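Undergrad: missing the sequence, but the structure's below:
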């Protein structure tokens, strides 16, 4: 067994390229999977297969730092297995004339470089054919690897490529050296005019001399780099930075994204502290943190109470001489940024936020959908519609005020310079202009949560009800507008972030349980576009409803094929218009199923069996039961239960105590219905009696299904 | 500690360094430009197969960056030191780092970093991939491998190195304001340029005649097109540069609406592209004389 070590030495790679190499998975990388796929691929099989033919992360190491991408593969076969390949030639009739071979056969043999003695006959459904078998000798690893490696690097995907030399090879940054060792032997290959070898380099400044690698040994390689001030493990670099930061300020505020960035940008992290003038602390803390992060990639520091301090931490690329001068330099650069930020802030507040509303006419919103001024007007009007639907007249004027001010900060200098401060700028400038605090906070909250994966239970802590309601309207307007002019997402393409907008919409509802009719709100939003949309209203509502359903499934996180998924589908079947109610029914039913599966199944079976009768009766099933026509004791009993106990179930349903309603429904009807089906025929000759019994079943069926869920969709109820 | 370089010595050192590395040392172009890339020494020479290694100072104007001489870091007129290496050599980064040493920056005592920053000029239809170079987090240079110029994919990739001369001088001289840079003994950058900053900021933001600029834009554009028809590529490119500058003036004056902006930029880009195509064609007719 052999080991393979490959390193591509580059000029400083961008973070996006490094991110691509590591991918999303923590245990192994995308690159690792690709290598495994190639080396274990049938024709090239150099990697032993494990039992289940799966990728074995232990066999492959992949790491990357700003100036290199390296991988190591352990336990490679020294050669490929031999393969027997069969070539079928002309049919027997065409191959021989009597006993002598025809030109067709000779031609076939010549093309396969085979002799007459190798010919065998093969019986096929189409008749007899001549065939030959050839053993293809497996090639040695060092013979196949040059091509494999060359192809592999040429086929890597990165978000952005460049060309830099005459062969036109594409890679994120120029390649400056390559190492490829199979045990102690160089695997020669060439890309972008570079030849592979065994020489690598350490830290650009702290260890500039070439390093000769004797053999493909991952640990020795890591050690050699470590001595040369390169820490090749991304996780290790992150850990060093995290630990040093923890010693300096509170973990709660550690910016994970910045941590990742800084770990990607250095070969050997070394942290230094710095300070800035306290007078800047009266600027919004998000602005200060953003100044630090955006340009210099330095960390803001917070005290135990979460207040921003006039300090920062910078991650250097290795320890240097002259640290005190470096620190002063970092401080000076920050000072000039903060001075700029102060300048923009001061210019912005010279004129109060609300009076700048006119500028929104200059900002195009989306394609044909007009400007941000148009959008603002729609949102103002939609706010009154939403408050009406919610029965919340009390907040109508606040919500309208949020709508009026919502987009103006996009026209400020600060947001122009720091786009990620949208919302925060709005909040600050609204407060400066004397707006209500609740209104100002909602301006910020419209962009929250930043992360679609945010737990819905955390939403109330970061977003006020007013902010959440505005967030709903804003996103709905976006969805209706975009779908209305045919910008629906397709496949993985979603340039207008509609899935995200909708995902957050349903998350806000899940957090706050706002009950309203989605159809009514979508219709209102549609009308407010006043003819700008190309789609028909009814179609649009249908399409959006399906889109919302998908997002609810995603938000709850149910997987297709599970009981949970069936329950959700059965709820959708009943109704989807009030999304908060969908969540509540789902929570109740899954909780009940968890606690008392038998009780749950009883209810489900009542819905299913009554449903079967209703379906068989086609659309004709009436709900009018004539008590006079009830002959059998068992059906009279069912009717009595319906008369006497429905109210209890309905009352629980109205209170949205769906668990109780389900429990009662199963408990009350399951036994008597069972007896009824055992003893009484529904589909009897007498039409009057038949229709009456169908109506009885229909009443029971609808008592549950109409408001809660069509549990007949559940599988395997036995 | 040795005496740090004056502004003019810094330029001399860079000229000397790049001259020794085999570059042509050229002079600034005599028209208003926004950056060294706009000079025909870069924009046109980057096209086609001919090698080209050159270095020059480029006085650059960015009207919107003016601050009436009140901001110590922002000015509407400043100097770039531009190096273009075509084809990009294997050791372009090392050549650059050695130039920093040549002007007295000790690379072991500072945190020098190549931080991803892809460069793009929508008006020129030019873009490239590369970095901004950080010196203790101060951005001192834009380092770019050109990929496209005049909306044309480049046949031979150039490496473009653009030094921010004032930033480097402030750093070397330990000055907090651009205006305090020692140009030469007894004369500061402010002595040379402060009055200009005040007057041009007023001109750019408040006094320039937007109507005149609009007219000029139309006239310059028309002239560029007319000259292109006569295959006078270099004069046409001059007029393309002039449209770009009057557009910048209009922009600073706040006379360009959001929806007009991309249209103006697209018009300049179309001229730049036509000039680039015309230039390539004329070099081809001459058999690409610098190609060896």
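TA: Cool, the structure landed. Predicted model, so just to flag it, every value in this text is computed and none were measured.

Undergrad: and residue A:121, which of the three is it?
TA: strand (DSSP: H, G, I helix; E, B strand; the rest coil).

Undergrad: Helix, strand or coil: sort out the nearest residue to it once chain neighbours are set aside for me.
TA: The shortest distance from residue A:121 to any non-neighbouring residue, by Cβ to Cβ, 6 or more residues apart in numbering or on different chains, is to residue A:128 (5.6 Å). Yep, even glycine has a C-beta here, placed from its N, CA and C like the rest. Secondary structure state of residue A:128, per three-state DSSP, is strand.

Undergrad: and residue A:128, what does it touch?
TA: For residue A:128, the contacting residues are A:91, A:92, A:121, A:122, by Cβ atoms under 8 Å, 6 or more residues apart in numbering or on different chains.

Undergrad: Same check on residue A:183?
TA: A:2, A:3, A:215, A:216.

Undergrad: What ranges does the stretch 251-400 of chain A have for its helices?
TA: Ranges of helices in the stretch 251-400 of chain A, per DSSP state H, counting those that start in this stretch, are A:256-265, A:285-296, A:323-350, A:372-390, A:396-405.

Undergrad: nearest to residue B:24, of these?
TA: Shortest separation from residue B:24 across the helices of the stretch 251-400 of chain A is recorded for helix A:323-350, at 33.5 Å, computed as Cβ to Cβ.

Undergrad: Show me what that closest one packs onto, helices and strands only.
TA: Where contact means 3 or more Cβ pairs under 8 Å, 6 or more residues apart in numbering or on different chains; DSSP states H and E, helix A:323-350 is packed against strand A:269-275, helix A:285-296, strand A:308-317, helix A:413-417, helix A:424-432, strand B:138-149.

Undergrad: Does the first one pack against any helices or strands, and if so which?
TA: So the one you mean is strand A:269-275. Partner elements for strand A:269-275 (3+ Cβ pairs under 8 Å, 6+ apart): helix A:234-246, strand A:308-317, helix A:323-350.

Undergrad: any chance of the ones you listed in JSON lines, with mean neighbour count and mean pLDDT too?
TA: Output for those, formatted as JSON lines (neighbours: other Cβ atoms under 10 Å in any protein chain shown; pLDDT from 0 to 100):
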{"stretch": "helix A:234-246", "mean neighbour count": "17", "mean pLDDT": "93"}
{"stretch": "strand A:308-317", "mean neighbour count": "21", "mean pLDDT": "95"}
{"stretch": "helix A:323-350", "mean neighbour count": "18", "mean pLDDT": "92"}
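
Undergrad: Next, format the ones you listed as JSON lines and append distance to residue A:282.
TA: Shown next, in JSON lines, are the helices and strands packed on strand A:269-275 (distance: least, Cβ to Cβ, whole Å):
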{"stretch": "helix A:234-246", "distance to residue A:282": "25"}
{"stretch": "strand A:308-317", "distance to residue A:282": "11"}
{"stretch": "helix A:323-350", "distance to residue A:282": "9"}
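
Undergrad: coming back round to it: looking at the contacts of residue A:128, which is nearest residue B:239?
TA: For the contacts of residue A:128, the nearest to residue B:239 is residue A:91 (76.5 Å; Cβ to Cβ).

Undergrad: Now render the contacts of residue A:128 as CSV, adding distance to residue A:227.
TA: Shown next, in CSV, are these (distance: Cβ to Cβ, whole Å):
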residue, distance to residue A:227
A:91, 69
A:92, 71
A:121, 67
A:122, 63
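
Undergrad: if we can go back for a sec, looking at the helices of the stretch 251-400 of chain A, which is closest to residue B:119?
TA: Here helix A:285-296 is closest among those (Cβ to Cβ), at 16.3 Å.

Undergrad: roughly how far is the closest one from the heart of the chain?
TA: Offset of helix A:285-296 from its chain centre (Cα atoms, centre = their mean, to the nearest Å): 27 Å.

Undergrad: That helix near chain B at all?
TA: Yes - Helix A:285-296 reaches chain B (Cβ under 8 Å from any Cβ of the partner chain) through A:295, A:296.
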